[in-house]
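Undergrad: no sequence on hand, only this structure:
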């Protein structure tokens with residue numbers, strides 16, 4: 001056969017259009033659904049994505065998982081070591097579909113990227129080490145060692161400010177994360193870092209010498225980023241998703257879950273907690289672990305309760321007659337079979353037994369982790385007052401099964417116009433709110449510092465090491 005063949009006669013225009021139309025490739029959203037997989041790139045940080053003893057977690061992970069579920073596809077989440085690497089992978093042909101990594105909208109990148117509608121606002125903040133002179137304005141940063149993440153919008157912000165402040169000098173790093181910057185400020189290795197307010201809030205208890213100097217500008221929108229293409233099908237789907245989780249309260253609930261307890265510990269409280277972890281907790285850890293195993297509770301949650309109740313002091317006593325490490329009332333102690341409230345082992349097991357009993361009395365409609373926060377609140381204020389607060393919550397059009405809504409209504413129990421409408425009357429409603437917030441913060445720290453230890457190994461008696469916060473305490477203070 002000859003190497004060249006006669007071309008076929010042109011097809012009629014209508015038939016050609018039909019054939020071509022039938023061969024059209026699906027848009028990006030259609031391809032994701034066909035492949036059954038959403039690829040998301042993120043950062044391994046406490047504000048985005050990390051692993052705890054239950055598996056993957058973090059605000060960006062929880063949002064990404066829910067978005068993938070809404071599309072009916074599997075989530076494939078990967079991490080980038082640096083921001084530059086993240087942006088490079090996002091723009092590669094077979095790279096991730098989107099970046100959910102605690103990114104703020106950066107006008108310098110808008111030619112290459114497309115940002116979704118924002119879901120959070122964060123403020124750039126200059127931080128410094130306690131004991132040093134507080135910076136209050138840009139001029140206070142001259143001749144100081146300042147560090148910021150390379151490739152971040154904050155680095156761009158400092159470059160812009162250099163036009164007005166030529167004496168401002170700063171360094172960029174692509175080998176560090178925000179937690180490293182905060183540690184370096186905490187330990188006096190650098191003078192200042194520029195980070196976002198949510199990052200300071202989540203990490204401040206681990207770096208108690210870090211303080212906020214001043215806000216550098218107005219709040220900035222945080223959003224997901226997509227590679228810049230003409231196809232906006234995925235962008236529309238993400239924006240629809242955020243509109244949905246914003247309207248149904250899911251977004252607020254997740255923000256409360258990861259940030260709602262992050263401002264509990266101040267400098268003095270963080271140092272005291274660290275010392276007590278070293279000096280007191282080793283005496284009782286084995287009983288917290290055993291009680292946790294027996295009653296299906298995280299031993300660190302029980303330990304956090306014990307610290308909130310008594311600072312791990314088995315002889316603690318309140319003016320109202322509650323006693324012991326878990327501060328049990330006499331009726332409660334009798335109810336759970338505790339014969340000696342100042343016996344730390346009895347107190348810990350009794351507290352665990354009572355917490356489980358309280359949790360079992362709650363409505364089955366309350367999901368975790370809210371169910372645990374409700375149980376803690378009831379442990380503190382009683383099931384009756386908690387039920388009153390849930391009814392007030394429902395009456396005001398909020399969800400009585402969500403802690404973020406009920407915690408706003410518990411303080412109303414101390415106001416006559418509200419408690420007069422309830423069955424159980426007056427209660428110091430602020431107390432259970434602070435109680436839960438404190439325990440959540442202590443629990444988070446205990447998870448952080450004990451995570452590297454083998455969960456199944458029992459430490460030798462009297463030996464305890466908490467890597468993290470103890471080493472991060474400022475030297476020389």
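TA: In hand now; what should we look at? Quick caveat, the model's predicted, so the values are computed rather than measured.

Undergrad: and the helices in the stretch 151-300 of the chain?
TA: Using DSSP state H, counting those that start in this stretch, the helices of the stretch 151-300 of the chain run over 153-162, 178-186, 197-203, 233-247, 250-259, 267-279, 281-295, 299-310.

Undergrad: same check on the stretch 351-477 of the chain?
TA: Ranges of helices in the stretch 351-477 of the chain, per DSSP H, counting those that start in this stretch, are 370-381, 383-395, 403-409, 416-419, 430-450, 469-472.

Undergrad: winner for burial among the ones you listed?
TA: Among the helices of the stretch 351-477 of the chain, ranked by average contacts under mean count of other C-beta atoms under 10 Å, first place goes to helix 370-381 (a mean of 24). For glycine as for every other residue, the C-beta is placed from the backbone atoms N, C-alpha and C.

Undergrad: the inter-axis angle of that helix versus helix 250-259?
TA: Using axes from the mean of the first three to the mean of the last three C-alpha atoms, to 10 degrees, one finds that helix 370-381 and helix 250-259 are set 60 degrees apart in direction.

Undergrad: using a markdown table, lay out the helices of the stretch 351-477 of the chain together with distance to residue 50 and mean pLDDT.
TA: Formatted as a markdown table, the helices of the stretch 351-477 of the chain follow (distance: least, C-beta to C-beta, whole Å; pLDDT from 0 to 100):
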| stretch | distance to residue 50 | mean pLDDT |
| --- | --- | --- |
| helix 370-381 | 20 | 94 |
| helix 383-395 | 31 | 95 |
| helix 403-409 | 22 | 94 |
| helix 416-419 | 39 | 82 |
| helix 430-450 | 10 | 88 |
| helix 469-472 | 16 | 44 |
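
Undergrad: residue 105 is nearest to which of the ones you listed?
TA: helix 403-409 (26.0 Å; C-beta to C-beta).

Undergrad: mind listing residues that contact the closest one?
TA: With contact meaning C-beta atoms under 8 Å, 6 or more residues apart in numbering, helix 403-409 is reached by 249, 252-253, 256, 260, 370, 373-374, 377, 386, 389-390, 392-393, 396, 398-400, 429, 433, 436.

Undergrad: that older thread, could you export the helices of the stretch 351-477 of the chain as CSV, including distance to residue 185?
TA: Below are these laid out as CSV (distance: least, C-beta to C-beta, whole Å):
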stretch, distance to residue 185
helix 370-381, 32
helix 383-395, 40
helix 403-409, 31
helix 416-419, 44
helix 430-450, 18
helix 469-472, 11
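
Undergrad: and the spatially closest residue to residue 204 that is not a sequence neighbour, what are its bridge partners?
TA: Of all residues not flanking residue 204 in the chain, residue 210 sits nearest, at 5.9 Å (C-beta to C-beta, 6 or more residues apart in numbering). Going by DSSP bridges, residue 210 is paired in beta bridges with residue 129.

Undergrad: check what pLDDT residue 210 gets.
TA: Looking at residue 210, its pLDDT is 91.

Undergrad: repeat that for the one 3 residues further on.
TA: Taken from the predicted model, the pLDDT recorded for residue 213 is 95.

Undergrad: with residue 194 instead?
TA: On the pLDDT scale, residue 194 is placed at 96.

Undergrad: just checking, it touches residue 135?
TA: No. Assessed by C-beta atoms under 8 Å, residue 194 is found out of contact with residue 135, at 10.9 Å.

Undergrad: next one: residue 230, what pLDDT does it get?
TA: Looking at residue 230, its pLDDT is 82.

Undergrad: correction: the previous question concerned residue 108.
TA: At residue 108, the pLDDT value in this model is 82.

Undergrad: name the nearest residue to it, ignoring sequence neighbours.
TA: Distances taken as C-beta to C-beta, 6+ apart put residue 156 closest to residue 108, at 5.1 Å, once the chain neighbours are dropped.

Undergrad: neighbours around the one you found, how many?
TA: Neighbourhood size, residue 156 [other C-beta atoms under 10 Å]: 15.

Undergrad: re the thing from before, residues that sit against both of residue 194 and residue 135, list them.
TA: The contact sets of residue 194 and residue 135 overlap at residue 126 (C-beta under 8 Å, 6+ apart).

Undergrad: residue 84 sits in which helix or strand?
TA: Per DSSP states H and E, residue 84 falls inside helix 83-90.

Undergrad: just the buried residues of that helix, please?
TA: Neighbour counts over helix 83-90 (16 or more other C-beta atoms under 10 Å) mark 83, 86-87, 89-90 as buried.

Undergrad: residues in contact with it?
TA: 41, 43, 78, 80, 95-96, 98-99, 101, 109, 112-113, 149-152, 174, 225-227.

Undergrad: now do the SS call for residue 126.
TA: Put simply, residue 126 is strand when judged by DSSP: H, G, I helix; E, B strand; the rest coil.

Undergrad: right, and it touches residue 136 too?
TA: No. The pair residue 126 / residue 136 is not scored as a contact, 9.2 Å apart, by C-beta under 8 Å.

Undergrad: now for those two: what residues contact both?
TA: 213-214.

Undergrad: higher neighbour count, the two?
TA: Looking at residue 126 and residue 136 with other C-beta under 10 Å, you find the greater number of neighbours at residue 126, namely 24 against 10.

Undergrad: gap between the nearest residue to the more buried one once chain neighbours are set aside and residue 299?
TA: When the adjacent residues along the chain are set aside, residue 126 lies closest to residue 213, with 4.2 Å between them (C-beta to C-beta, 6+ apart). Using C-beta to C-beta, to the nearest Å, we find residue 213 at a distance of 38 Å from residue 299.

Undergrad: go on, residue 385?
TA: Computed as C-beta to C-beta, the residue 385 to residue 299 distance reads 28 Å.
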